[in-house]
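Colleague: One predicted model, sequence on top.
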Amino acid sequence: MSETAKFILGNETYEFPVIVGTENEKGIDISTLRGSSGYVTYDVGYKNTGATQSAITYISGEEGILRYRGYNIEEIANKASFLEVAYLLLEGELPSKEELAKFENEITHHTLVNEKFKFVFDAFPNGAHPMGQLMTMLSMFSAYYPEALNPHRSEEDRRLTIVRLLAKMPTLVAMIMKFKQGHPIVYPNNKLGYVENFLAMTFGHVTEEYVVDPVFVSAMNKLLILHADHEQNCSASTVRLVGSSHANLYASVSAGVAALWGPLHGGANQKVLEMLEAIKEDGGDTQKWLNKAKDKNDPFRLMGFGHRVYKNFDPRAKIIKKSADEILDKMGIDDPILDIAKQLEQAALSDPYFIERKLFPNVDFYSGIIYRALGFPVEMFTVLFALGRLPGWMAQWKELRAEGQPIGRPRQIYTGAAERPFVEIDKR
Ligand code: SDX
């Protein structure tokens, strides 16, 4: 006998089915609640609300587990390539050697971006934030590939749009970096792999051949994988909500970039570095800044700490912290910022305020230290998060479309003025 939930509302009792997931997560299916009782649920920030069933990513906040299509992040991050993980998220299974080779070859031959995209940068003032530039260029694709405007046209169109976005995103990100530096762009090189190509376009120069450093490639590959998906986070939910209106994938992903930009979400990786720099400039007194973070009257929060779901360690943070040590060691970099991050982490993890609220370092706490060591300016950090998250967003969008889910349209509880007659301006 499957479990049900009984709501006693007024003199009536309403019964709703309980759905159970693969890992025994349980949800009360209230899809008939308003129709039968006139009531809606109320859950600001959707902290207790499941928006969908999904087979893509599983997170256990209590146990610090993250799995993509059933594979633990610890294994994937150390054993797979980013395109292998993108394929897994999008198709549901790890590719065979032949499938991966075909996928890589197709991606390789879609990396070029129309030359007119360069003119976008002329319209931006110097110092424009890269996330705004990325949003603009992603939505511009819908003008260059109008067949994608109708997401129902064909499965082949949808697949090609996904391939185009995966292939062109590194080119766009590298273009943003080059224009920020005032340097000529470096075009994709079809002889290089996905991550190598991205690093060559970003750090290479038209004047000299880029020498691929396997340490950099491995670090970038791992960071992209660790950011690839995270179930119904703010930006993935945004991509789903926009996709549910049958908007095209370019528009949906551009909206995801917009949501990710926020400092409470993907924008945190940039804010963490700025915070660590501020603490260093301020003399490195980590306790002073922890006190600020705990002070309700102080808007300052410890960026890179806390998580809506993880009430245990974010498994990605553990992997990134270890990688940060390894990469800085391999590169012979002694970064005082890393030392401050570690001091801050240690102090926070022994502080009752953080312990009681189960606030641990999240994916953004250490990632910026690696990005900086690889040579990225801090304003590029969130764009790099978007580069990694792209396959996850598209897998979520694809799943929603495949299931023909209805347009997302939450209800509300109205608290405004009761009915009142309009008063013409000369009588007010
Ligand atoms: C990402 O959802 C995802 O999966 C996101 C992500 C992904 O991969 O997509 O994992 C990526 O966005 C990671 C999070 C990056 N953001 C930050 O690092 C910003 C700093 N963190 C916080 O703003 C906060 O922890 C959130 C936004 C991450 C989560 O906020 P919640 O779940 O809404 O929790 P809350 O704000 O209600 O906090 C609960 C309590 C509050 O204190 P009380 O009112 O109970 O006294 O914890 C406190 C908060 O004040 N708190 C913090 C804190 N985070 C929460 N206090 C100080 N510093 C912090 N960082």
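Modeller: Arrived safely, thanks for sending. Residues are numbered from 1 along each chain as shown.

Colleague: alpha carbons only for contacts and neighbour counts from here, please
Modeller: Fine.

Colleague: Just the buried residues of stretch 203-211, please?
Modeller: Buried residues in stretch 203-211, counted by 16 or more other Cα atoms under 10 Å: 203-205, 210.

Colleague: cool, and stretch 34-52?
Modeller: For stretch 34-52, by 16+ other Cα under 10 Å, it's residue 40.

Colleague: go on, stretch 57-72?
Modeller: Neighbour counts using 16+ other Cα under 10 Å place 57-61, 65-69, 72 of stretch 57-72 among the buried residues.

Colleague: ends of it, how far apart?
Modeller: 10 Å (Cα to Cα, to the nearest Å).

Colleague: quick check: mean pLDDT across it?
Modeller: Mean per-residue pLDDT for stretch 57-72: 96.

Colleague: Checking the nearest residue to residue 3 once chain neighbours are set aside next. Helix, strand or coil?
Modeller: In this structure, residue 3 finds its nearest non-sequential neighbour in residue 18, 5.6 Å apart by Cα to Cα, 6 or more residues apart in numbering. Judged by DSSP: H, G, I helix; E, B strand; the rest coil, the three-state class of residue 18 is strand.

Colleague: Can you pull the residues of the stretch 201-350 of the chain lying near the ligand?
Modeller: 230, 233-234, 264-266, 268, 293-294, 301-308 (Cα under 6 Å from any ligand atom).

Colleague: ok, now with 5 Å
Modeller: 230, 233, 264-266, 268, 293, 301-308 (Cα under 5 Å from any ligand atom).

Colleague: Tell me the most packed of those residues, by neighbour count.
Modeller: residue 304 (30 neighbours; other Cα atoms under 10 Å).

Colleague: isn't that residue right next to residue 266, touching?
Modeller: No: using Cα atoms under 8 Å, residue 304 is not in contact with residue 266; the gap is 9.7 Å.

Colleague: Quickly list what's touching both of the two.
Modeller: residue 364 (Cα atoms under 8 Å, 6 or more residues apart in numbering).

Colleague: residue ranges of the helices in the stretch 1-150 of the chain, please?
Modeller: According to DSSP state H, counting those that start in this stretch, the stretch 1-150 of the chain carries its helices in the segments 33-37, 73-79, 82-91, 97-108, 118-123, 130-144.

Colleague: quick one: buried residues of the fifth one?
Modeller: Translated: helix 118-123. Buried-residue list, helix 118-123, by 16+ other Cα under 10 Å: 118, 121.

Colleague: Any chance you could list what contacts that helix?
Modeller: 133, 137, 179.

Colleague: Over to the fourth one?
Modeller: Residues outside helix 97-108 that contact it (Cα under 8 Å, 6+ apart): 83-84, 87, 163-164, 166-167, 190, 193-194.

Colleague: again, 6 Å this time
Modeller: 163, 167, 190 (Cα atoms under 6 Å, 6 or more residues apart in numbering).

Colleague: any idea which of these has the most stuff around it?
Modeller: residue 167 (22 neighbours).

Colleague: right, and the secondary structure at it would be what?
Modeller: Put simply, residue 167 is helix when judged by three-state DSSP.

Colleague: That one against residue 111, yeah?
Modeller: Yes: Residue 167 lies in contact with residue 111 (Cα atoms under 6 Å); the separation is 4.7 Å.

Colleague: For residue 77, list the residues it contacts.
Modeller: 222, 225.

Colleague: Go again with 7 Å.
Modeller: 222, 225-226 (Cα atoms under 7 Å, 6 or more residues apart in numbering).

Colleague: again, but for residue 131
Modeller: 261, 383.

Colleague: cool, and residue 340?
Modeller: Per Cα under 7 Å, 6+ apart, neighbours of residue 340: 276, 284.

Colleague: My reading is that it lies in a helix. Confirm?
Modeller: Yes: assignment of residue 340 by three-state DSSP places it within a helix.

Colleague: so how far is the ligand from it?
Modeller: Distance of residue 340 to the ligand, computed by Cα to the nearest ligand atom, to the nearest Å: 16 Å.

Colleague: Over to residue 69?
Modeller: Distance from residue 69 to the ligand, by Cα to the nearest ligand atom: 16 Å.

Colleague: isn't that residue right next to residue 92, touching?
Modeller: Yes: using Cα atoms under 7 Å as the test, residue 69 is close enough to residue 92 to be in contact (6.2 Å).

Colleague: residues contacting the residue in the stretch 51-200 of the chain positioned nearest to the ligand?
Modeller: Nearest to the ligand, among the residues of the stretch 51-200 of the chain, is residue 59, at 8.9 Å (Cα to the nearest ligand atom). Neighbour list for residue 59: 65-67 [criterion: Cα under 7 Å, 6+ apart].

Colleague: So which of those residues belong to strands?
Modeller: Among the contacts of residue 59, the residues falling in strands (DSSP state E) are 65-67.

Colleague: Tell me the pLDDT of residue 121.
Modeller: 90.

Colleague: Distance check, the residue in the stretch 101-250 of the chain positioned nearest to the ligand against residue 122.
Modeller: Nearest residue of the stretch 101-250 of the chain to the ligand, counting by Cα to the nearest ligand atom: residue 233, 3.8 Å away. According to Cα to Cα, residue 233 and residue 122 sit 33 Å apart.

Colleague: Just give the nearest non-adjacent residue to residue 9, would you?
Modeller: Counting by Cα to Cα, 6+ apart, the residue nearest residue 9 is residue 37, at 7.8 Å.

Colleague: Just give me the neighbour total for residue 255.
Modeller: The burial count for residue 255: 23, using other Cα under 10 Å.

Colleague: okay, now the domains of this structure?
Modeller: With domains defined by automatic domain parsing, the chain comprises 4-50, 74-402.

Colleague: Any idea how far the longest one is from the middle of the chain?
Modeller: Computed by Cα atoms, centre = their mean, to the nearest Å, the separation of domain 74-402 from the middle of its chain amounts to 7 Å.

Colleague: ok now do the nearest residue to residue 56 once chain neighbours are set aside, which residues does it touch?
Modeller: Leaving aside its sequence neighbours, residue 56 sits nearest to residue 69 (Cα to Cα, 6+ apart; 5.1 Å). By Cα under 7 Å, 6+ apart, the contact list for residue 69 reads 55-57, 89, 92.

Colleague: same for the ligand: which of the residues you listed are within range?
Modeller: Contacts with the ligand are made by none of the contacts of residue 69, judged by Cα under 5 Å from any ligand atom.

Colleague: ok, the residues you listed vs residue 353, which is closest?
Modeller: Ranked by distance to residue 353 (Cα to Cα), the contacts of residue 69 are led by residue 57 at 30.4 Å.

Colleague: Quick check: the closest one touching residue 228?
Modeller: No: contact criterion Cα under 7 Å: residue 57 and residue 228 do not qualify, at 10.0 Å.
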